[in-house]
Structure formats: C-alpha cells, structure tokens
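S.K.: sequence first, then the predicted structure, then my questions.
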Amino acid sequence: MIPNAPEIGKLAFIIAFWICAIFLPVWAVSWAVGVFLPMIIEGQNPGPELALVADILRTATPILSVLVFIPLNAMFMVLYERRALALFTVRMGPNRVGPDGLLQTAADAVKLLLKEDITPRGADAVIFTLAPIVFFAPSIIGILPILAAITNNHPLFAITNLPTGIFFVLASASIPLVALVMAGWSSNNKYSLVGGLRAAAQAISYEIPLVLSLVTVCLMAGTLDVVKIAQQQDGGFLNWNILGGGALRGLDAAIATALKNQDWAPVIQAFYPYGAASFVAAIVLIFCSHILLGLYLTGACAEINRIPFDLPEAESELVSGYNTEYSGMKFAIFFLAEFTNLFIVSCIATVMFFGGGDNPFPQWFLDQLPLAGIQAGLGSALSFLINDMRLVDPDTFWAAIWVIIKVYSLVFFAILIRGTLPRFRIDQLMDFGWKRLVPLSLIAFLLVVFARVLVVSHGY
Amino acid sequence: MEQYMMLHDYVSNAAAETALFYLISIFAIIMSVGVISDRNVIRSGFILIGVFGAISGLFLLLQAQFLALAQVMIYAVGITLVVVIALMLTNPRSEKDTSYENEPVSKDGSPISPFQRLRLIGPAFVGILSFFTIYTAIRSESWIASGEQVSPDNVRVLGTALTTTYSLPFEFASVLLLAALIGAIMLAKAERPTPVIEIGIDE
Amino acid sequence: MVSDITASKPLKTEDMIINMGPQHPATHGVLRMVLTLDGERVRHAEAVIGHLHRAQEWQGQNRTWFQYQALIDRVDYLSGMFTSWAMSRAAENLEDLVVPERAEWLRVMVSEMNRISSHLLWLGTYLIDLGAMFGFPFYPFREREKLLDLFEEIAGQRMMFNYIRIGGVQRDPKPEWFSRVRAFCKEFPDRVTEYESIVTDNPIFLKRTKGIGILPLDLAMDFGVTGPTLRASGNPLDLRKTSPYSVYPKIDFQVHTLDKPEGGDTWDRYILRIREMRESTRIIEQCLDMITEGPIMGKKQIAGMRVKAGEGFSAIESPRGILGCYIISDGSDKAYRFRWRNPSFCNLAVVGELLIGHPIADIMAIFGSVDVILPDVDR
Amino acid sequence: MSLQVQKNPIMVNVAYAGILFVCVCGFLGLLSNGKTTDWAMTNFLDLWIFAVAIVGGVVAISMGARSPFIIASGAVGIFVALTATQDTLVRYLSLSALLFAIGMYGMVKSRNAVRVLMSIELMLNAVNINLIAFAKFIDPAEVKGQLFAIFILTVAAAEAAVGLAIVLSVYRNTSTVDMNKFDLLKW
C-alpha cells in the first residue's frame, strides 16, 4: 500500500482538471477561428475579400491557439510543480485557494498583474523593459513548428510546418540568452549582473551538446522537418527514435510478418543487410540514442535554468540572479516564459525521441484487438461532429492525447530531478559541460554516422 | 506545406513585401545608427542584436530561411559574447572620458577651428563616400532579374552544394574556424603566473 | 592565505565589492558580509555583525533571575536547552547547589534531543544553501517536528522551552513520554540512514563539499573554534568527555573526530554532525535505561528568587561548540554581571579566513557548514 | 557643450558642405568617365537627393541637433528617397550599401575597440544582404549567394573570435580599449 496515496490522488485530480481547463479552451478557439467562422463566412457565397478573411482566420489559428494555451499552461505547470514537489518533500503544497488549491496559481497570476511595476534607480529603463519581452517572445515563436508535429500535421496547423523545423526551434531557443544578459546588465544590481554573465556562460556551453544531440537525431532521421521526423516514427514504440532511430523497424516488420505466418527471414535480411555487423550497429544506435536523450535533457535543463543548473538565479548565492529587480508584470512574464520553455523542451523531446503523437503500441499488436468495430461504431455515432461540424479530427485527437501524456510525463521527470539534486557550482558546471558532455556528444555523433549505414533505418 | 506556400504567396505579394521591406529596413538603419552612436558600448551591443534580427527578417523575406536562422543563432550568441567582453573591459569610472567620442567639441571648451572640424567630419565623409561609391556601382549596372522563384525548401540545395561542389571551401572554412579557435585561445589565455616573492607577512 | 591573495591575476579586472546580506536569503538571518570579489572569487571577506543585537547580557542584569530564565532560550533559539542549562549550571556552581539526579538525567536527555533537532535543522538548511531547494530538506524537518512535539509535551513550548531551571528541571514528564522518546530513538537511526542514502554519496553534493573550505587545525585553534567544526579538523575536544559534567561520566558514548592532517572540509563537518546525531540517539537510549526516580527540583522557584553573592562559571558542549556562562551575583534578585561565551561568535570569526580564494557559490557551502546562529553571535 | 557648436557660423558649415559636394561630384565624374550607362548622365535626381541631404545635415548640425538624430533621419530619408522608384533588387542592394557605409563610418570614427568590432560585423552583414538578394533575384535555382553568405558567416565568426581575443590581450597589457592608445608596436 502506498503511504501517500491520497496525496497522489489529489495530484492526479489537479492534473486532470487543469488539462481539461487548458485544452478545452484551446480546442474551442482553434475550432471557432479555424473551422467554424470560415465555414460561416464561406457559406454565404463570399466574394474574394471574404474568402481572404476566411483564409486569414485559418492562418491565424495556430498563433491564436498558442496565445490561449501559454498562460493557461504556465498556470497549470506552476501548480503541478508545486504540488509534485510537495509530494516529494513530505509537505502539503498549496491547498487553500479553490477546492484543494486548484486555483492557487490563478490567484497568483492576478496578484502579480496587480503588483507595482518597479524600475530601479540607475537602471537602463528601455533595456530593462525589453528584457522580459525578448525572453518571452521566442517561446511563442519557437513552439510553432512543434505544433504541426504534435497535431499530426492537421491542416489548420500545417502552416507552421517549416522546412527548417528543428533548426527554427533551436534558433529561437538561443535568443532568451540575450534577454538574460540584458536583464542582468540593465538592473543596475551586482547580483543581477553576475547572474546574467553566468547565464551567458552556461547557455553558450550547454548549447553545444544540446544542438549536437538534436543534430544527431536529425542525421538519423535524414531531415530537419519536425513533421517528417514525427511521421517517420509512426507505428509503435519500436519505431521511436529513442530506440535507435528506426533501428528496430526490421524487428517490428518481422514480428508483423511472423504473425501473418509468413517467412520473416527475408524481412530481417532486408532491414539488416550486413548480418552480424548490422545487429551490432543496431545495438550501437539504440545505445547512442539513449545517450543522446540524456545529453538533450541535460543541455535543455541547463538552457532553461532548472535545478541542478539554475546557477543564473541561484537563490542561496545570487538572491535571484537576473530577475532580482523585477516585479509585477515583468516578473510574471519571466515566470511565464520559464514554464513555457519547460513545456517546449518536453515537447521537443517528445517529437524527437518519443514519436510525437504516435501511440506506443505497434500496429501488429493493435491488429490483434477488436478496435476496428469500435472505431467504425464511434465514427458513425459521432459522424455529425466529425464530418459536418468538423469539431473533432480523430487522428489529431488521439495524437493530442498521447502528446499530452508524454509531455507531462517528461515535465514530471524534470520536477523529480528538481526535487532531488543540489545545485552545481559554476566552474564544476563548465567542467561538466566542456569536458564531459561535448566530447560525449561528438562521440555519439561519430558512432551514429558509422552505425547508421549498416542498418536500414528512418533516414533511408 | 500547402498552407505554407499560401502564406508564401501572401508574403510575395508585391505590396506586402514592399511594405515589410521598408518597415524592416528602416528599423535596421535606425538601429545601426544607434549601434555606432550610442554612448554606452554595452547598449550598442544589444542594439546590434536588434540590427541582426532585422537583417535576418530580410533574409526571411528573401526566402533564405536557413541563413536567417543561422544568423539568429550565431549572432545572438556571438554578440552576447561581445557584449560580455565589452562589459568586462569597460571601466565604469573611466567611462566618462570616452563617452564624448561622438561630440565635436575641443578639449578645453574653445570653439573648434575649421581644421579640427574637418577632422571630425572625416569619418562622415568616409561613410558618405563609401555609400556613394557602392550606390553608383549598383546603379551603373543593369540587373537582369531571373523570373524563377526560389524553392522554399532550399536547405536541401544548400546542403547538397556544400557537400559536393563546394566541399573544399567548406573544409577550408572549418580549418579557418579551427585556426581562429586555437588562435583566440592562445591570445586570450592567461599568461603563466609569474612567481611571486612573498615577503613581509610571516605566519 | 597569502599565496591565495597574491596569486597571479592574468586580466586586470576591477575588484567588485559586494554586500551579501543582511537581507540575503542565505545568510541565516541577518549577517552582512562585505565581500571583495575578483570575478567570482573572494579576495577578502568581512562579516559585519550586530544587526540582531538584543543586549542579552544587559537584560540579564536588569531582570530578576526568574524572569531571565525565561528569556535565556532566545540567545540560541535552536538549542534553548543548552543556554538555559549553561546559565543554571553557572548559578548552581556559584551556590554549590546539588541538583537531584533524576533532574540531571532529564537534562542530559532533553539536551541531547535538542542537539539532534538542532543538527536536523542545520542539515535541512544546509542542503537548501547548496541549492537542493525544494527536494530533500524537508525530510529532516519531519523528524525535527516529532522532537518538537516531545518538547512541547514536557515544556509547553516548541522552541523557547524554559525547561531547565536553576536547581533542576521544571516538570517531570509522564511515563508515556518516555516510551515515545524510546520509539523515536528506535526509528531515528533508520531515518539518518535514509538521509545519508540521498546525500552522503550524491555526486553533486560531493563535488560541492569535498575539499571546500578546509580548516587546518592550528587555524581553528587560533580562532577558538569549538564544537563539530573543530572536531572535524581533528581535535577531539568535547567537554562531555574532556571535563565531564552532569551524568555524562556514567554514559558510554564516543566523541567522533576526523583525523585529517590537512584539516577538515565541509563534507567532514557534515559527516561529523551525522555521526553525532547517531551518538546522541545512543545517549538518549542509555538515559532512558538508567534514569532514576526521585525529585526533580533542588531550589524553590519563586518570582523573587535570589542567588547568593559570588562568581560562577560553567561551560557545556552545545551543538555548535563550547557554550560558556559567567555570572557575578551580589546576592540580590538580579545578577550583577552576565557574560556569555558563544560558540557561534568564535566560529563565525574563522569563516572570513576560510572563504578567501573560493567562488561565491562556496560562500554558502562554507558558511553553512560552520553552523552559525546569528542570535547566538550577536546576543 | 552643444552651445559652443551653435556658436559656429553657419556659413562655415555651408562652405564645408559645398566642398564636400564638389568632391563627391568630382568623384562621380571620375567613376562615370567613359561609361555609357544611363545613370550618371541622365538621372540627376539621385544627386539632388544627396545634395539636399548633405546640406540639410550640415545645417542641422550647425543648428545644434545631435548627430545620431541627423545620421538616422538622413540615412532613412536618403534611403527611402533613392529607392522608392527602383525595383526590388536595387532596393536590397542600396540598403546593403547604406548599412555598409554606416558600419564604415562607425569603424573609422569609434575609439572603442569593441565598437570597432561591432561595426565590422555590421559591414559583413551588409555584404550578406547583397549576396542573398543576388541569390534570390539572379540565381534562384542553385542559390550560390546563400552559400557565399554561409562562408561569410564563418569568416565573421572567426574574425569576431580572434578580434575579441586581440582586444582582450591588448587590454591586458594597456588597460584600455581606446583605439587611439594602441599606437605602440611594443609595450
């Protein structure tokens, strides 16, 4: 019997409540703006102007849904983190506002918005004001290519499907660093300055393993396009990049063939053409992709300044680092951006390593289950919603469900890390980054380059 | 991808593109003037990041997506480093001495003689002259624009070119970077600590 | 230290003078440190104290004995039993008063419990200093909470006990209390093992603490450092053994010390406190076995209580080191002169030396490991 | 400080402007000498724009306006006036030329070595605009201009690294980043 089962139950309740509270509005907004309004507009024999309006509405859907999503999500993540940490550290956590603390962060947000906005004397007011914006804007922009990937390339979100996908995300992820230096320098506070400089040093060091790990995954996949990367991994966990970037695709196909009582040896031969060398290469690929995931998570933790890499805002040394002098709305923006970044980082990991919106069950396993009948029944029952109102797109719906599960599990993992580890010291952090992670990422890169040609995997 | 192409059509719409171009370029010009004339070198570093952001916006307009992103990635980090080093090298106490580098004022406060003034106008003359020269060169050539469109997926074209036709310069570039890296490390490395003779304080 | 200061400076950078505190979140109250930094390294550190000065000694001269007994816990609010014990012993030495044996047993027991609770709080806050911000620190607080409940049961207060009085102890606990203490002692070593399993071999923790803030023995002796901080540097000075008082001679316990020629680092100070907690548990268990029946108070507790004229001194081993109390009485109901020898004050003095050459991040690792209580410093 | 600037006679400045204008025109004449392009001979609009801008700038300086203002408004004005009637490629090229000129101005003028480095970065980026504009308008099939831009980015990165290292080591020896004080070959 788990000793703190009631606490876990309450946490689960909070998660369920808030996920509904986040995604129902997002869903409603995207449907209303992207489907319903254009449908009405186009239903009345529109001229070219009205058609253009409808097009613009459709085009604006992703950004609108992101704008609805981000504040709600940050509210949830703060509460999630606080309650989960309380669970790890034998405390209660926020439990007063609303039923069982459900609305705590909403109240906090209102409080922050009403607080006085202070610009310290001697601060460079323009840069001081710009810093939170520069910190926050890239998170909105950077999430866009991921949107297409996690909604299974739904037509409404397909506009965000850029050919440079992951590169776009990485580029926008490198901008917040500037904001941190700006905030640190313009605050006219020595602690802030040191925090800003630390942020610069740390982000530059950890960007290398981060980018190298993702580049290696792109190398496995043979494309930068996140949608393509996500689609490659369809068909169960054996195809996911975490298992060698498709190194086990042959196994998947062989099992499917064997289940159909056919000869599976040629399938194996087709996927692993070099015999034993291919199998060794497949094992190397699986090993490397695990290392890559570790490198990515470490680098990402450092990029978004979470414990054990939260040196730029180390509370016991630098008071609060770069955001010491911030209050009110500006601080709220910093806070919002931090949690949004955590979400984005988990999203990228989901898409790049865990198959995006793919369900973990292999196709041959699903074929054993009597799902087709259920699907057909549900499809005809909900036909009005699906086909006429276009309220639900079944593929996107299931993709979203799986993405939510994966992403928030990764967030939970990040919280667990935060709840366990002490903080590095800055020189140890640099050592760790440059002497361990960078060589490791280079080695993984080389191994993947060589191992990949021996196995027929995603990139082919 | 279809919708991307649609948006692409919107942006390529001549009027929209012109408007965007002027918006971005005027922003870039003002920002770059800010870079060279702001008294605080750190702030001008931050402004420089704005310039580069604007320039990468222009790259996006020119459908060079990869380069726009590379620009952001390299310069966001690179210029921040410049700023940080400027921060290290700026002595707050002596900042006042250098802050008047933009003002045409003689040291003792007397009116500036025409010759001194000419010296101060010198840089402006160089700037104007260089613009004029280049502009003249541009206008004295008739450009034949190709009617084709750039394919939106030109990352592949770039990658192919870099690894086939241009692989030698690519390798040279990497050698150059390595050399620069080593050189920079050698230059910036701390000198070997000179032995300090401890005198005076005894335990 | 000289070599640290004069180490070659490759880039001529400006030294930065920074005020750490008194409102800094990690200075344990209201310490202010004036740091001269070269980059992130400390070149000079000076502790500015006195922000919490409450004139405790002067108050002792202007309150009656009875009133002052209630105030004395505030000198070191984390180990109130020890301060009141030191004062009581000083007065008892002055009067040659014999304390009933059961009271002595109880004193040893509650003060060892208090030592555990103080160390537990130190452990939690120390981990917070190291940046384990929300994770582990609350586990020690869980056990500390149980101890505080036990204290509340016998003294009516969770931190300001006023339990040990001149001549004995205030109240005789019920038999159930003893069984609850025994239950705690039974479960507590497992809990310590639990902390150790998370902390002691944690690679980041080891990186942050091993070889940091090495305190050589002679430096420690020069500055008058006592307590676990001194013992971690190799000197087994523990008044419970070296000049035994109360019923400690009857108890079988061990003074832990780390014999390191170069001096103890912060990790040594951590592990020493962990071992002391286990040792204190052993002491409490022995007390529970050996406690005798009898009276608990050897002096009448009245508002106008007087102590006869003369001088009295007592020194006991508090969680932070040697706690000394010196009293001059003129026979009236107030003391003529009070003087405290506080361990935190002497231990804080050495921190400035330890910090030199360390980066900012280590300030908290070192300062925290010395375990300084600011009210104890300022009095 | 600016009061003293105001005291200067306007006529001196106008004289400077005249000298400058003559120099520029002479230079132009040199450039277009012997060429049969349509521009230098026929289209004097651009020249007038320049003249007006320069004279206006000098007058504004003599009236005591702050120089960044003048440079910014002058640059924007010249840019818009020159390119309003041109086709797109020339617009991009002109912008690149303008940014290059501003970078050149900053490089010549600055005394702070770090700012000189920034100006050089600005100039390199101006060149990149050129190349990418060419890539789009002249060679859209195999965007060679973009390739060259990549190499320029590389060179810029190398330049920044080495330049900063040099500045750092100069600062280490002289405790200053003032370009005017670097005139020693040995220290």
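M.R.: All right, it came through fine. Predicted, not measured: the structure shown is a model, and the values here were computed from it.
S.K.: tell me which helix or strand of chain B sits lowest on mean pLDDT?
M.R.: Between all helices and strands in chain B, the lowest mean by mean pLDDT, DSSP states H and E belongs to helix B:95-98, at a mean of 48.
S.K.: quick one: stretch B:178-189 near chain D?
M.R.: Yes. Interface with chain D: stretch B:178-189 contributes B:179, B:180, B:181, B:183, B:184, B:185, B:186, B:187, B:188 (CB under 8 Å from any CB of the partner chain). All C-beta spots, glycine's among them, are computed from the backbone N, C-alpha and C.
S.K.: let's see which of those residues end up in helices.
M.R.: The helices, defined by DSSP state H, take in B:179, B:180, B:181, B:183, B:184, B:185, B:186, B:187, B:188 from those.
S.K.: mind naming the longest helix for chain D?
M.R.: In chain D, with assignment by DSSP H, the single longest helix is helix D:144-174.
S.K.: other SSEs contacting that helix?
M.R.: If you count contacts as 3 or more CB pairs under 8 Å, 6 or more residues apart in numbering or on different chains; DSSP states H and E, helix D:144-174 packs onto helix B:65-89, helix B:154-163, helix B:167-188, helix D:113-137.
S.K.: okay if I get those helices as a markdown table plus distance to residue A:139?
M.R.: Formatted as a markdown table, the helices and strands packed on helix D:144-174 follow (distance: least, CB to CB, whole Å):
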| stretch | distance to residue A:139 |
| --- | --- |
| helix B:65-89 | 14 |
| helix B:154-163 | 24 |
| helix B:167-188 | 30 |
| helix D:113-137 | 26 |
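S.K.: turn those into TSV, including mean pLDDT, distance to residue A:402 and mean neighbour count.
M.R.: As requested, the helices and strands packed on helix D:144-174 are exported to TSV (pLDDT from 0 to 100; distance: least, CB to CB, whole Å; neighbours: other CB atoms under 10 Å in any protein chain shown):
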stretch	mean pLDDT	distance to residue A:402	mean neighbour count
helix B:65-89	79	29	23
helix B:154-163	84	29	17
helix B:167-188	86	40	14
helix D:113-137	87	40	24
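S.K.: show me which residues of chain A are close to chain C?
M.R.: Residues of chain A lying close to chain C by CB under 8 Å from any CB are A:85, A:88-91, A:190-191, A:194, A:307-308, A:310-311, A:314-319, A:418-428.
S.K.: pull out the buried members of those residues.
M.R.: Those of those that meet the buried threshold are A:85, A:88-89, A:190-191, A:194, A:307-308, A:310-311, A:314-319, A:418-426, A:428, by 16 or more other CB atoms under 10 Å in any protein chain shown.
S.K.: residue C:328 belongs to a strand, doesn't it?
M.R.: Yes. According to DSSP: H, G, I helix; E, B strand; the rest coil, residue C:328 belongs to a strand.
S.K.: check contacts around it.
M.R.: Each residue near residue C:328 by CB atoms under 8 Å, 6 or more residues apart in numbering or on different chains is listed here: C:310, C:311, C:335, C:336, C:337.
S.K.: got a pLDDT number for it?
M.R.: On the pLDDT scale, residue C:328 is placed at 90.
S.K.: what do you get for residue A:343?
M.R.: 90.
S.K.: what do you get for the one 10 residues further on?
M.R.: Taken from the predicted model, the pLDDT recorded for residue A:353 is 89.
S.K.: backbone dihedrals for it, please?
M.R.: Backbone torsions for residue A:353, taken as degrees, to the nearest 10, come to phi -120, psi -30.
S.K.: secondary structure class for the nearest residue to residue A:180 once chain neighbours are set aside?
M.R.: Spatial nearest neighbour of residue A:180, chain neighbours left out: residue A:199 (3.8 Å); criterion: CB to CB, 6 or more residues apart in numbering or on different chains. Following three-state DSSP, residue A:199 is assigned to helix.
S.K.: before we move on, what about the one 10 residues further on?
M.R.: Using three-state DSSP, the structure places residue A:209 in helix.
S.K.: so where's chain D shaky on pLDDT?
M.R.: Applying pLDDT under 70 to chain D flags the ranges D:1-47, D:58, D:60-67, D:175-176, D:180-187.
S.K.: domains for it, by residue range?
M.R.: The record's domain split for chain D, according to automatic domain parsing, is D:1-85, D:87-187.
S.K.: how about the helices in the stretch 201-350 of chain C?
M.R.: Listed in chain order, the helices found in the stretch 201-350 of chain C under DSSP state H, counting those that start in this stretch are C:203-209, C:217-223, C:228-232, C:239-242, C:266-290, C:343-355.
S.K.: quick one: which of these is nearest chain B?
M.R.: Closest of those to chain B is helix C:217-223, at 9.3 Å (criterion: CB to the nearest CB).
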